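Asks: Build me a structure from this.
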Amino acid sequence: MQSVSSTHPSNGNGNGNGHARGRIIELRRVVVTGVGLLCSLGLTTEAAWDGILAGKSGSRRITQFDTQDFPTKIAAEVQGFDPRQYLDSKDVKRMARFMQFAIAASDMAIEQSGLKITCCSAERVGVCIGSGVGGLEILEREHAKLLGRGPGRISAFLIPSMIVNLASGFISLRTGARGPNLASATACATGTHSIGDSHRLIQMGQVDAMICGASEAAITPLLVGGFSAMRALSTRNDCPEEASRPWDKDRDGFVIGEGAGVLVLEEMEHAKKRGANILAEIVGYAATADAYHFTSVPRDGNGALRAMRNAIQDAEIQPSEVQYVNAHATSTGVGDRAESAAIESLFGDHAHSLAVSSIKSMTGHLLGAAGAFAAGVSVLALHNQVVPPTANLDAPGDGCNLDYVSGGARPTSLHHAISNSFGFGGTNASLVFRHYQAGC
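Replies: This is a model prediction of the structure:
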């Protein structure tokens, strides 16, 4: 444990050294004991992970609505998902799709973790599940009712079935967890903030375990139309499997995806005492702001650089001790270049020894769930000692000069990995994970 004096102010660099007036806080170690993932590549953690290692693409023609009048007709949809595997029919009807995904992913993570929430432990277990936009499909459906049939036809379940924090609320109800019940909504950094903030709660001793992550299901006419209006989406409609291509010179925008990522975090001694299988350790977290533009990023990636730098400082390691960066890279020109510039600036000569990859080349961009999903993949990469590949990278574009793991998954020795997320509003977050070895 690290001892932190409470009598000094925070140094403001995002390193999380917590302070409470008049006492010493022992920062506890936090580990990951469960991972739940689902996306367009698979409905289980194992299927999603296998698809990523194989370099498969989950992008295809949109089936959820008629795209005839849309310039973009492709997305990375979750297909074949049956929420009744996790919920009864009554609950299915009153939950948005993103909530259903969140419950499925949390069930997977809890099952792998083996965490048992009892009446004695419930107050020491919390839930933090975020989303970028929540139940947008419910809002669109009920708004159409309002316009076409009047306010008397609006569902009584409109509000609880669409608001972001109800995913966390339903999971708390299902599991009996009575600790903090939270929800982040920080655009594409949501999942990383959810996990990082949950890690802080455990680190500071407020809880012993957190079920945390994010979920998104926003492939709707309004959102696809909105991103199309911004010209942010790929229009490679004839070759959807090749449309998401981070860093490639021929990239033309991102592919919207859907899915969820949930982790079970625990204080290390709590996990060891119950004999849990520890998958990795969280050792660093930081959040920063660009203060630059509401949708774009500075070309030098300064906010991203500071998030990574502060997370590494929080982990009390040197940049040279990092082997893998799970990049935010979405397949947009400015964003991909800015993150690469930030990595080169922070890591110096070591930047060209790093493995850097983007799983969005396969899953599409899961928006609010992207960071949580990437965090889960980073944990599995460390646990299995293999770096996921970047698909569809034929020739890197200008300013993209790193090793983007374009030749398939790469078995290698990994000690530390960074997972990055950057969102609209200039919000940035980075997590540092460490390979866990028993006895260390």
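
Asks: Doesn't V334 belong to a helix?
Replies: Yes - using DSSP: H, G, I helix; E, B strand; the rest coil, the secondary structure at V334 is a helix.

Asks: For the nearest residue to H365 once chain neighbours are set aside, list each beta-bridge partner.
Replies: Leaving aside its sequence neighbours, H365 sits nearest to F254 (C-beta to C-beta, 6 or more residues apart in numbering; 4.6 Å). Backbone N, C-alpha and C define where each C-beta goes, glycine included. Under DSSP bridges, the beta-bridge partners of F254 are L233.

Asks: For the stretch 301-440 of the chain, which segments count as strands?
Replies: With strands called from DSSP state E, counting those that start in this stretch, the stretch 301-440 of the chain shows them at 324-326, 355-357, 386-387, 410-411, 416-423, 427-435.

Asks: for those, which one sits closest to M210?
Replies: strand 427-435 (13.7 Å; C-beta to C-beta).

Asks: counting contacts, what elements does that closest one pack onto?
Replies: Secondary-structure packing of strand 427-435 (3 or more C-beta pairs under 8 Å, 6 or more residues apart in numbering; DSSP states H and E): helix 190-203, strand 280-289, helix 302-315, helix 370-384, strand 416-423.

Asks: May I see the ones you listed arranged in CSV, with mean pLDDT, distance to A217 and mean neighbour count as well?
Replies: Converted to CSV, those look like this (pLDDT from 0 to 100; distance: least, C-beta to C-beta, whole Å; neighbours: other C-beta atoms under 10 Å):
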stretch, mean pLDDT, distance to A217, mean neighbour count
helix 190-203, 98, 13, 28
strand 280-289, 97, 25, 23
helix 302-315, 97, 27, 24
helix 370-384, 98, 13, 28
strand 416-423, 97, 18, 28
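
Asks: and A229, which of these is closest to it?
Replies: Of all those, strand 416-423 comes closest under C-beta to C-beta, at 18.7 Å.

Asks: got the CA positions of that closest one in PDB?
Replies: The C-alpha trace of strand 416-423 is given here as PDB (Å, rounded to 0.1, in the frame of the first residue of the first chain):
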ATOM      1  CA  HIS A 416       2.200  -3.000 -18.900                       C
ATOM      2  CA  ALA A 417      -0.500  -1.800 -21.300                       C
ATOM      3  CA  ILE A 418      -2.200   1.600 -21.700                       C
ATOM      4  CA  SER A 419      -5.800   1.900 -22.800                       C
ATOM      5  CA  ASN A 420      -6.900   5.300 -24.300                       C
ATOM      6  CA  SER A 421     -10.300   7.000 -24.700                       C
ATOM      7  CA  PHE A 422     -11.000  10.500 -26.000                       C
ATOM      8  CA  GLY A 423     -14.400  12.000 -26.500                       C
END
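
Asks: strands paired with that strand, and their directions?
Replies: strand 324-326 (parallel), strand 427-435 (antiparallel).

Asks: distance of A381 from T44?
Replies: Distance, A381 to T44, by C-beta to C-beta, to the nearest Å: 18 Å.

Asks: If you could redo that for A438, that was the one I meant.
Replies: 27 Å.

Asks: For those two, work out which one has more neighbours and name it.
Replies: Using other C-beta atoms under 10 Å as the criterion, A438 and T44 rank with T44 on top: 14 against 6.

Asks: by how many degrees do the single longest helix found in the chain and helix 370-384 diverge?
Replies: Longest helix in the chain, counting residues (DSSP state H): helix 97-113. For helix 97-113 against helix 370-384, the angle by axes from the mean of the first three to the mean of the last three C-alpha atoms, to 10 degrees is 20 degrees.

Asks: what is the mean pLDDT for helix 97-113?
Replies: The pLDDT scores in helix 97-113 average 98.

Asks: From the contact counts, what lies against that helix?
Replies: strand 30-38, helix 45-53, helix 166-175, strand 209-216, strand 259-267.
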